[in-house]
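Chemist: just need the structure, nothing else, for what follows:
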Amino acid sequence: MNTQMQPTFVLVHGAFANSFSFAPLQAELGLLGHRSAAVDLPGHGFQATFTRAYQSPQDPDGLATTPGSIKGVTLADNAAHLIGILERAKQNGPVILVAHSRGGVTATAAANARPDLIDRIVYVSAWCPVALDVNGYYAEPEMATVDPAAFASALAGNPAELGLLRVNFRTADPDALAALKAAFFADGTDEEFLTFLNTFQPDENLDAGGSDDRAQAVTWGRVPKTYIRLADDTSMPLALQDRLIREGNELTPRNPFDVRTLQGSHLKWLADPAPAARILADLATLPGPSAPA
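Modeler: Numbers count the residues shown, from 1 in each chain. Predicted structure coming up:
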């Protein structure tokens, strides 16, 4: 077997997440014979800030005011970091870039800048801004069912003063926990939900990109692309996922999305990764040359 021609799956996490959440998926991919590399974007993973105020017993005042390492990190920083990883992965053969949730914004920015490094881009219920930037979509009808209280009820500190978003995922407030579970893991057990919550980090950067970071036909549009819909996702409703697919297809009609669907919530596919791993393994067999827009 020529391992140099095996694709490498490069996995990009969403908001408040990190490479750790991909461990079960990477195990499944490995058992199917595929290599993968999970990314920690700047300020994530072991670069994240976990303050003493976040530990038990918690110090709400300290949690609301302690500086965080992710302050000042921009989408451009995320994209540059990802591009560096893609350059290394590309030396070993084809690269399949897989992004979840907010990670799709970084993946899109990387594909806008360096489509030559990506043989296929896979969005798993991920942001792929085309007609609008991310903030613009939140005002659209497809997001009308999303409850903004899911994060707001656990928000710690003033984002404008901290220069970052900080959420207290270790809250014991039953209403805040119920809102988070309903938004992200309604189909998981309470134990699964709390376990996943403890893989999150409290801080996220403020920069989700602007109009210049939307998908560009001449670069992003050259990359073969797949969208894996999560049918029961309430934080990123199916109607929005389908709109992003439709807008992407309108932007590059000669290179439309290959569309797959998984049942489950925003996080279920990571906690129960075997079905997603099988889809990704199948994608590894698809042709990957650049396609014209």
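Chemist: C-alpha from now on. contacts and neighbour counts both.
Modeler: OK.
Chemist: now do stretch 269-288, average pLDDT.
Modeler: Here stretch 269-288 scores 93 as its mean pLDDT.
Chemist: give me the contacts around it.
Modeler: 7, 21-22, 24-25, 28-29, 32, 34, 96, 119-120, 192, 196, 224, 260, 262 (Cα atoms under 8 Å, 6 or more residues apart in numbering).
Chemist: run the last query once more with 6 Å
Modeler: Defining contact as Cα atoms under 6 Å, 6 or more residues apart in numbering, one finds that stretch 269-288 is touched by 25, 29, 119.
Chemist: same question, stretch 181-197
Modeler: With Cα under 6 Å, 6+ apart, stretch 181-197 has contacts from 234, 235, 265, 266, 267.
Chemist: before we move on, what about stretch 12-22?
Modeler: Contacts for stretch 12-22 (Cα under 6 Å, 6+ apart): 38-40, 44-45, 99-103, 200-201, 204.
Chemist: out of those, which are buried?
Modeler: 38-40, 44-45, 99-103, 200-201, 204 (16 or more other Cα atoms under 10 Å).
Chemist: so which of those belong to strands?
Modeler: 38, 39, 99, 100, 204 (DSSP state E).
Chemist: could I get those residues as a markdown table with distance to residue 13 and pLDDT?
Modeler: Putting these into a markdown table (distance: Cα to Cα, whole Å; pLDDT from 0 to 100) gives the following:
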| residue | distance to residue 13 | pLDDT |
| --- | --- | --- |
| 38 | 8 | 98 |
| 39 | 7 | 98 |
| 99 | 6 | 98 |
| 100 | 6 | 98 |
| 204 | 12 | 97 |
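Chemist: include distance to residue 81 when you put those residues into a markdown table, please.
Modeler: Formatted as a markdown table, those follow (distance: Cα to Cα, whole Å):
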| residue | distance to residue 81 |
| --- | --- |
| 38 | 13 |
| 39 | 9 |
| 99 | 14 |
| 100 | 17 |
| 204 | 16 |
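Chemist: quick one: the strands in this protein?
Modeler: Going by DSSP E, the chain shows strands at 8-12, 35-39, 95-100, 120-124, 165-166, 203-204, 225-230, 258-262.
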